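[1] The sequence and its predicted three-dimensional model are supplied below.
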Amino acid sequence: MNSKCAIRVALSLTGSEFSPEEVTKTLGLHPTEEWRKGETIGRTALKRKHNGWVLSLPIEKTIEFGDLLEKLIDMIDPFRDRISTLVLESELDIEISCAIYFEDETPVLNLPADLLNRISALGADLDIDLILGSVSDSAR
């Protein structure tokens, strides 16, 4: 599909007193991004306030937000119990973050109840950012 929408979805675990390397070891999943408290954020002078571990799917050109979100949930479902244990034991914040870039085509934002239930079962917050413009525009 040659869509003018691009969507990125990710699972984020953040907290003050945990090791991103331990999350990787415990889950057996390699993150797409991780950081430590105090590291700079990108090319800014801002410093990270927490440690972080992120597993994201590649940005996909599509208008079907629910389908892409379901792919992420399907990927992490086999690790649900280990994720829940880590979240409780290490007092982590867990979030499903979604960035939806769009220009002249709007995304489909329908989320079926069973998908919402699966996100809820993780205990995850759901953050959806709608960004007018292309992915390349936001990189500037």
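    It's in. Residues are numbered from 1 along each chain as shown.
[2] Just the pLDDT for residue 138.
    Looking at residue 138, its pLDDT is 57.
[3] ok, now residue 88?
    Note on residue 88: pLDDT of 93.
[4] Can you name every helix or strand that the helix or strand containing it contacts?
    If you go by DSSP states H and E, residue 88 is part of helix 80-89. Using 3 or more Cβ pairs under 8 Å, 6 or more residues apart in numbering; DSSP states H and E, the elements in contact with helix 80-89 are strand 6-15, helix 20-27, helix 113-122. (Each C-beta comes from the backbone N, C-alpha and C, glycine too.)
[5] what would these look like in CSV with mean pLDDT and mean neighbour count?
    Shown next, in CSV, are those (pLDDT from 0 to 100; neighbours: other Cβ atoms under 10 Å):
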stretch, mean pLDDT, mean neighbour count
strand 6-15, 96, 21
helix 20-27, 94, 16
helix 113-122, 94, 13
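[6] Tell me which of those lies nearest to residue 101.
    strand 6-15 (4.5 Å; Cβ to Cβ).
[7] ok, back up a step: out of the helices and strands packed on helix 80-89, which comes closest to residue 131?
    So among those, strand 6-15 is nearest, using Cβ to Cβ, at 9.2 Å.
[8] what angle sits between that closest one and helix 113-122?
    Orientation check (axes from the mean of the first three to the mean of the last three Cα atoms, to 10 degrees): strand 6-15 against helix 113-122 gives 20 degrees.
[9] Can you pull out the residues in contact with stretch 30-47?
    Contacts with stretch 30-47, where a contact means Cβ atoms under 8 Å, 6 or more residues apart in numbering, come from 10, 16, 20-21, 23-24, 48-56.
[10] buried sites along it?
    Neighbour-count burial for stretch 30-47 flags 31, 34-35 (criterion: 16 or more other Cβ atoms under 10 Å).
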